[in-house]
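**Q** Give me a model of this one.
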Amino acid sequence: MLHLIENKIYWQERQQRQKKIVLIMLFLSFVCIFLGGARIHISGNLKGIFMVWNLFLAWVPFVVAYLLNRKEEKLHILKLILPLFLWLLFLPNAPYIITDLIHLRPRDGVPLWYDAIVIFIFAFNGMLLGIISTLFVHEILEKYFKSILIWGFLIASFILMGYGIYLGRFLRWNSWDILIHPIDLIQESFLKLTSPLAIVITGMFALIMFFSYLIFYQLIHLKNNSYVTKIT
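**A** Take a look at the predicted model:
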């Protein structure tokens, strides 16, 4: 009975922390949109509005992982396939915003430093959404698999994510094209696997995401271990 009560309290506290994370990310996204809106007002044109759309897409894997991670009961493993597929499909959209730096150049009416800050905070927001969503997925998989299998899955996910960024930035494919033009997307994806540019972009973004997540993961466990030591 005591174990059930402790477990219930744990889940309530966990859900409260997750809600706080969502609110923080919503606030950060509002800051991004505000800065982007200020840019539109200053410049008098809509250039840069695409970053709002890219930020919206970065929210998709976060929302999928968040909703799945809120379920207290252990789902049948087959029920994880579709949500995890959607998470992986849209995961490249999170760090993809970093590539919007290619649009950074002097423009009339807006200081270059302001555009740099706007792109940076959008990219920072996207990276955080991707990292936190990965943490949610990590916590979900801990109910089913050993640590080595989970890390193997995450590393494979980061590699696929990096390739997805290449497909999106350089070949202009979108996440939803897997449903609209699946054959064309799959064919071109396989044809470009050995492209030097594809290999470099995939590797760079896979490493960026892996080490960013690894640092984030270790910091969280460092805090948890410190808390346990303190109360014991």
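**Q** Report the contact partners of the closest residue to Phe153 other than its chain neighbours.
**A** Leaving aside its sequence neighbours, Phe153 sits nearest to Leu141 (C-beta to C-beta, 6 or more residues apart in numbering; 6.8 Å). Glycine gets a C-beta too; all of them are placed from N, C-alpha and C. Leu141 is in contact with Leu149, Ile150, Phe153, counting by C-beta atoms under 8 Å, 6 or more residues apart in numbering.
**Q** give me every residue that touches Ala58.
**A** Residues near Ala58 by C-beta under 8 Å, 6+ apart: Asn93, Ala94, Tyr96, Ile97, Asn125, Gly126, Leu129, Gly130.
**Q** so where does it fall, helix or strand?
**A** Using DSSP states H and E, Ala58 maps to helix 50-69.
**Q** Glu139 now?
**A** Glu139 belongs to helix 112-141, assigned by DSSP H and E.
**Q** What residues of that helix count as buried?
**A** Neighbour-count burial for helix 112-141, with 16 or more other C-beta atoms under 10 Å as criterion, is recorded at 115, 118-119, 121-123, 125-138, 140-141.
**Q** Same check on stretch 20-33?
**A** Under 16+ other C-beta under 10 Å, the buried positions of stretch 20-33 are Ile21, Met25, Leu28, Ser29, Cys32, Ile33.
**Q** Closest one to Pro196 out of these, please.
**A** Cys32 (33.5 Å; C-beta to C-beta).
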